[in-house]
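Undergrad: sequence? don't have it. structure:
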């Protein structure tokens, strides 16, 4: 399946056939899990582990939790809930609301073939003191999106059920049940299986102008079709698996190469077609080409590289196992002299933010016990991954930059300058352009972690056994 068909036809499925349907073959399960390994990792360290569940008793626990929480959240107001279904005929909304507001719809983990619970480190697996928690959940979302697209390519349905682990009491109970340590954040239950039927309509999608700004918060991005005469464009395509495995981190851009506006719009549009909890469109992007802002980002990157690469050679060596000692010394020297300049060399940057409280239900807007912030940031990670995949399919390179965001002092300066409201949280800065010339060791392929080190079967600590 080509990348565009996969991105635009993927849907969140909430009805599976259960025992009456087809079992997902082992080779398909392994391909789905394997795709997660190719997503971006902060400092080349996987920030996530996946709990792989097929046990019916465990699925029953998740289904019961999901029904309880969904009834608590959605059961209070038909008017609010029906507003999420504006794209459906009015006469159909009461039927959908009935099984949603009772929580019955959300019991689908029980009918799924398998469930994956992403567990994101709360900082326990970083050798840096920078608070990367929200960014780590987004990175988990990037890995999840790879799996979701791969499942769709193979003909299987998948859906995110955030309900079972939404509140801290149920998370604590399930943590005790499954052995997940307290230093790992469980985000949701991602269900995979044989869907009952393809979704024929919805969900709603925001317009490009509704989610993107130009240079500064509030300055609406205007697509090329409203600015210039648009001629027909031939859009290149690739197989989705080839794209997933081909995305890399680019530390050297061609400063003279321009990213065409239609390619930029295609990237953002693909982000819009990622999973969108409750159709709330909870992310916003700022498109940045301003040289002064790029200079600020570059200086933040230079400062971070000085701290990172001069702190410990052994730590740097552990982060770059694909380089020999001689290559590593050259690599460190090059990164300190040239590598930090990539924000200046890229043609455009896309700052992605998400809203913690962009919901109509007051009792879950930051006040549901334990909060659900990580659901929003994980879903936003799915959108970011779609944009990276689109960029690669269009012949562009990307680099995820966190340096102006993850450290409090830089973050405050960055947010103030761009006018971002306090209710919106900067998550990642995506540098986009065409690759420039750099020594071979800069683009040398990095190893990807083994699935057996990232996935546990049924209970925390039980390493995944490959399925046939």
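TA: Sure, I can see it. In this text, all values refer to a predicted model and were calculated from it rather than measured experimentally. Numbers count the residues shown, from 1 in each chain.
Undergrad: what residues sit buried inside stretch 15-27?
TA: 16-18, 21, 24 (16 or more other Cβ atoms under 10 Å). Heads up, the C-betas are built off the backbone N, CA and C, glycines and all.
Undergrad: need the max-distance pair from those residues.
TA: Using Cβ to Cβ, the two most remote members of those are 18 and 24, lying 12.5 Å apart.
Undergrad: which residues do the two both contact?
TA: The overlap between the contact sets of residue 18 and residue 24 (Cβ atoms under 8 Å, 6 or more residues apart in numbering) consists of residue 193.
Undergrad: mind checking which helix or strand the closest residue to residue 151 other than its chain neighbours is in?
TA: Leaving aside its chain neighbours, residue 151 sits nearest to residue 158 (4.6 Å; criterion: Cβ to Cβ, 6 or more residues apart in numbering). Using DSSP states H and E, residue 158 falls within strand 157-161.
Undergrad: rewinding a little: specify which member of the buried residues of stretch 15-27 is nearest to residue 284.
TA: Distances from residue 284 to the buried residues of stretch 15-27, taken by Cβ to Cβ, are shortest for residue 16, at 32.9 Å.
Undergrad: need the contact list for the closest one.
TA: Counted by Cβ under 8 Å, 6+ apart, residue 16 has contacts 108, 111-113, 157, 191, 193-196.
Undergrad: so residue 460 sits against residue 177, correct?
TA: No. Using Cβ atoms under 8 Å, residue 460 is not in contact with residue 177; the gap is 10.2 Å.
Undergrad: so where do the strands sit in the stretch 251-400 of the chain?
TA: For the stretch 251-400 of the chain, strands defined by DSSP state E, counting those that start in this stretch occupy the ranges 283-288, 348-355, 397-401.
Undergrad: which residues touch stretch 334-342?
TA: Identification of contacts with stretch 334-342 by Cβ under 8 Å, 6+ apart yields 250-253, 298, 301-302, 305-306, 309-310, 399, 431, 438-439, 441-442.
Undergrad: next one: that stretch to chain centre, how far?
TA: Its chain's average C-alpha position is 27 Å from that of stretch 334-342, according to Cα atoms, centre = their mean, to the nearest Å.
Undergrad: do the same with stretch 259-272
TA: On Cα atoms, centre = their mean, the centre of stretch 259-272 falls 17 Å from the chain's centre.
Undergrad: ditto for stretch 221-239
TA: In this view, stretch 221-239 has its centroid 25 Å away from the chain centroid, taken as Cα atoms, centre = their mean.
Undergrad: now it: average pLDDT?
TA: Mean per-residue pLDDT for stretch 221-239: 80.
Undergrad: same question for stretch 108-125.
TA: Mean predicted confidence for stretch 108-125 is 89.
Undergrad: show me which residues of it are buried.
TA: 108-122, 125.
Undergrad: please tell me how far the closest residue to residue 306 other than its chain neighbours sits from residue 27.
TA: Leaving aside its chain neighbours, residue 306 sits nearest to residue 336 (6.9 Å; criterion: Cβ to Cβ, 6+ apart). As judged by Cβ to Cβ, to the nearest Å, residue 336 and residue 27 stand 45 Å apart.
Undergrad: likewise residue 49?
TA: 23 Å.
Undergrad: in the stretch 101-250 of the chain, where is pLDDT below threshold?
TA: Residue ranges of the stretch 101-250 of the chain with pLDDT under 70: 124-132, 200-203, 228-231.
Undergrad: please, where are all the helices along it?
TA: 133-153, 168-178, 208-211, 240-246 (DSSP state H, counting those that start in this stretch).
Undergrad: what does the second one contact?
TA: What it means is helix 168-178. 51, 58, 61-62, 65, 68-69, 117, 164-165, 180-182, 186, 369-370, 458-460.
Undergrad: between residue 460 and residue 177, which is the more surrounded one?
TA: Set residue 460 next to residue 177 and count neighbours by other Cβ atoms under 10 Å: residue 460 wins out with 16 against 13.
Undergrad: residue 426 belongs to a helix, doesn't it?
TA: No. Judged by DSSP: H, G, I helix; E, B strand; the rest coil, residue 426 forms no part of a helix; its state is strand.
Undergrad: local confidence estimate at it?
TA: With respect to pLDDT, residue 426 scores 93.
Undergrad: how far away is it from residue 406?
TA: Distance, residue 426 to residue 406, using Cβ to Cβ: 9 Å.
Undergrad: got it, and residue 304?
TA: Separation of residue 304 from residue 406 (Cβ to Cβ) stands at 9 Å.
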